[in-house]
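A.B. asks: kindly generate the corresponding structure for this input.
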Amino acid sequence: MCSTPARRTDDPAYLEAVDVFYRRHLCRTTPWPDCVNRTFDAMNLACYAAMWGPNEFTCTGVLKGYDGTADLSRIACPALVTCGTYDEATPESTRRFSQMIPDAEFRAFAASSHMAFIEERQSYLEAVGAFCGRLDA
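C.D. replies: Numbering: from 1, shown residues only. Prediction:
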């Protein structure tokens, strides 16, 4: 587990490190747009902590150890799987997971982290539009 020496995830130094991580790998827009801040403000932290843990890289919740990769081959509809070059879900791992889905397309956004739909909004919308257009064709 990654935390402060006292293993306190509420320690200010730990929370500062989490913030640095989020600003590098979750949303690189400075400042964060209001919609991102509102999402964090409205998040049910008790539910998130119970499911995952106190943050993205400290898994202590009921999902610890969960592996759903065996079920990816059962997805029976086309899927567009996206990530950013600086994403916490790395392009390498995201591409690998997309290859486990029978009818998936993969797209990495060069100037984004996890929120390409915020950071490269126009390119993201174009990619989703093109994907949907291919489905309609």
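A.B. asks: elements contacting the longest helix that the chain contains?
C.D. replies: Longest helix in the chain by number of residues (criterion: DSSP state H): helix 121-136. Helix 121-136 is packed against strand 79-84, strand 104-109, helix 116-119, with contacts defined by 3 or more C-beta pairs under 8 Å, 6 or more residues apart in numbering; DSSP states H and E. Bear in mind the C-beta positions are built from the backbone N, C-alpha and C, glycine included.
A.B. asks: now with 7 Å?
C.D. replies: Counting contacts by 3 or more C-beta pairs under 7 Å, 6 or more residues apart in numbering; DSSP states H and E, helix 121-136 packs against strand 104-109.
A.B. asks: for the strand it packs on, which positions count as buried?
C.D. replies: Burial within strand 104-109, assessed by neighbour count using 16 or more other C-beta atoms under 10 Å, is assigned to 104, 106-109.
A.B. asks: of all those residues, which comes closest to P78?
C.D. replies: When these are compared for distance to P78, the smallest value, 7.2 Å, is given by A104; criterion: C-beta to C-beta.
A.B. asks: the closest one touches A79, doesn't it?
C.D. replies: Yes - contact criterion C-beta atoms under 7 Å: A104 and A79 qualify, at 4.3 Å.
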